[in-house]
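**Q** Fold the following for me, if possible:
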Amino acid sequence: KRVEEALLPVPSAQRAEAREVAQELLQDRRDLLDALIHEQGLLLERLLALRRIAAEQIQIALAFRQYVEERILWVRSASKAPWEVVPEVGPALAYLLAAPTWPDAFKRCWDTVQQRPKWFALGALGLALVFPLSLLVSRRRLRVLCERAWNPEGDSLLWTLEGLLHTAIVALPIPMVLLGLSQFLSAPPDQHEVARAWAAGLEATASTLLVLEFVRLLLRSDGLAERHFRWRSQATALVRWHLRWFMPLALVTGFLVAALGRQGTTAYDDSLGLLAFVVQAFALSVLVQRTLRPKGALLSGFLRRAKDGWLAKLRFVWLGLAVGLPAALALFALFGFHYSALLLYTRLEATCLLLLGLVLINSSLKRWLSLIRFHLALEQAQQREQAKAEEESGGEAAPGDAPPKPEIHNKQTVLSAQSRQLIRSALGVALLLGF
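**A** Okay, the predicted model is just below:
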């Protein structure tokens, strides 16, 4: 209509031609506008995609920033106060016990077993062999080795080393089962997060249980500590009594700390995970204080014998550090430095393992020296009995007989003191290098 109105001034003879030209121009204009609208739509889509990518990059940058800040020792990893995380304890427990997730998680585990049957069959066979080996062979052999200790007819340091090996084997079955369950739950590559959290908790529980059970078996009344190393029964009984309450507490809290640290919800780790870590650290502090008291059954005899040594003189210094360090880490976590406290606590656990190893090495070397003195004393006693029997019979020594050996008791004492000092020095250097 507008074209016809615009063509009114045009003469009638030229109006048809002008109409065709105008229609062509309008068609070209419409095509150009359609192309422009299409290009504008593409540009808008690209702008929206760039905006989405930029938002994702911002989220990734913030996540990396949070990750870095949580894992730098001098940066707070928890922003809430301790009393503010208590309401999150219930949801954290509900997350770990998420019933709707478990059927599908076990189905994925079973699908993984069917895909790799040989590996899981080997693992199950290994567990089936560990149980009878530990319960039948190792227990029986360990009992025999403890009964034969310090036998005049024969004793050897190899018996002690074999006893340590059998003690570790006896402590192995339940940790092996927990570790197997951990591997079973974490096997599927697309496993649920809660199942992976349980796998991490079971793995941490298995390692803790192995160490504590080894120590408990070592300190039994018929174990290596009393029979081979001649540790005082009052000292071993004291440690065993405190392990009764510490072991369940350490296993439960260790599971919670490892499991909640594996999942992705920070609020759960900063609530129930934080409280579990605080309880675990304070429990370790109480255990150290009750067992390492200077007047307690464990150290009173040693400090009395070595009252002039530097360990006795500095007993309040190292005891304060041993008791105060776990408690300080607990307070450190309560003030917001949760990750830093966890990292330092793992170093503390490694130090405790180092101390346990050095104590066993020291006791084994002392037993070796005592066995040497023991056999020399038996030999001297036999020689004295033989000489006394010959004297009573009135026999005289032949000219070619060798003279009797001189008394070497003083020399043994000097060598024993020097050897013990050398052992203590070597273990002290090893402890410093381990720190």
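
**Q** these two touch, right, Leu219 and Ala225?
**A** Yes. Applying CB atoms under 8 Å, one finds Leu219 in contact with Ala225, separated by 5.0 Å. Yep, even glycine has a C-beta here, placed from its N, CA and C like the rest.

**Q** what's the following helix or strand after whichever helix in the chain runs longest?
**A** If you go by DSSP state H, the chain has its longest helix at helix 12-70. Downstream of helix 12-70, the next assigned helix or strand under DSSP states H and E is helix 89-96.

**Q** And that next one, what does it pack against?
**A** helix 193-218, helix 233-262, helix 266-268 (3 or more CB pairs under 8 Å, 6 or more residues apart in numbering; DSSP states H and E).

**Q** what's the closest of the ones you listed to Arg140?
**A** Ranking the helices and strands packed on helix 89-96 by proximity to Arg140 (CB to CB) places helix 193-218 first, at 14.2 Å.

**Q** Go through that closest one and flag the buried ones.
**A** By 16 or more other CB atoms under 10 Å, the buried positions in helix 193-218 come out as 194-206, 208-218.

**Q** and the very next helix or strand once past that helix, what other elements does it pack with?
**A** As assigned by DSSP H and E, the chain's next helix or strand after helix 193-218 is helix 224-227. With contacts taken as 3+ CB pairs under 8 Å, 6+ apart, helix 224-227 sits against helix 139-147, helix 157-170, helix 233-262.

**Q** Alpha carbons of the first one, in CSV - could you do that?
**A** Just to be clear, that refers to helix 139-147. Extracted C-alpha coordinates of helix 139-147, given in CSV (Å, rounded to 0.1, in the frame of the first residue of the first chain):
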residue,chain,number,x,y,z
ARG,A,139,49.3,-67.9,67.8
ARG,A,140,50.7,-71.3,68.6
ARG,A,141,54.2,-70.4,67.5
LEU,A,142,54.1,-67.2,69.4
ARG,A,143,53.1,-69.0,72.6
VAL,A,144,56.0,-71.4,72.1
LEU,A,145,58.5,-68.6,71.5
CYS,A,146,57.4,-66.8,74.7
GLU,A,147,57.7,-69.9,76.8
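
**Q** which other residues reach it?
**A** If you take CB atoms under 8 Å, 6 or more residues apart in numbering as the criterion, helix 139-147 is touched by 159-160, 162-163, 166-167, 170, 222-224, 227-228.

**Q** Dump the helices and strands packed on helix 89-96 into JSON lines; add mean pLDDT as well.
**A** As requested, these are arranged in JSON lines below (pLDDT from 0 to 100):
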{"stretch": "helix 193-218", "mean pLDDT": "92"}
{"stretch": "helix 233-262", "mean pLDDT": "91"}
{"stretch": "helix 266-268", "mean pLDDT": "81"}
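
**Q** Can you say which of the ones you listed is nearest to Trp310?
**A** So among those, helix 233-262 is nearest, using CB to CB, at 21.5 Å.

**Q** What's the local residue count around Glu20?
**A** Neighbour count of Glu20, defined by other CB atoms under 10 Å: 10.

**Q** so what's it up against?
**A** So Glu20 contacts nothing (CB under 8 Å, 6+ apart).

**Q** Backbone torsions only: list them for Gln191.
**A** phi -70, psi 150 (degrees, to the nearest 10).

**Q** low pLDDT regions in the chain?
**A** 1-15, 65-83, 99-100, 130, 133, 151-154, 306, 309, 394-435 (pLDDT under 70).

**Q** one more time with 50, if that's ok
**A** Within the chain, the segments meeting pLDDT under 50 span 397-415.

**Q** Could you look up the SS state of Ala297?
**A** Under DSSP: H, G, I helix; E, B strand; the rest coil, Ala297 falls in the coil class.

**Q** need the contact list for it.
**A** Shown in contact with Ala297 (CB under 8 Å, 6+ apart): 232, 234-235, 237-238.

**Q** Among these, which one is most surrounded by other residues?
**A** Among those, the one with the most neighbours (other CB under 10 Å) is Ala235, at 20 neighbours.

**Q** Which elements pack onto the helix or strand hosting Leu321?
**A** Using DSSP H and E, Leu321 sits within helix 315-334. For helix 315-334, the packing partners by 3+ CB pairs under 8 Å, 6+ apart come out as helix 274-291, helix 338-393.

**Q** Save those as TSV, and put in distance to Ala55 and mean neighbour count too.
**A** Listed next are those as TSV, based on distance: least, CB to CB, whole Å; neighbours: other CB atoms under 10 Å:
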stretch	distance to Ala55	mean neighbour count
helix 274-291	31	21
helix 338-393	27	15
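
**Q** now for those, which one comes closest to Arg51?
**A** Of all the helices and strands packed on helix 315-334, helix 338-393 comes closest under CB to CB, at 33.6 Å.

**Q** In a markdown table, list the helices and strands packed on helix 89-96 along with distance to Tyr345.
**A** Shown next, in a markdown table, are the helices and strands packed on helix 89-96 (distance: least, CB to CB, whole Å):
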| stretch | distance to Tyr345 |
| --- | --- |
| helix 193-218 | 12 |
| helix 233-262 | 9 |
| helix 266-268 | 19 |
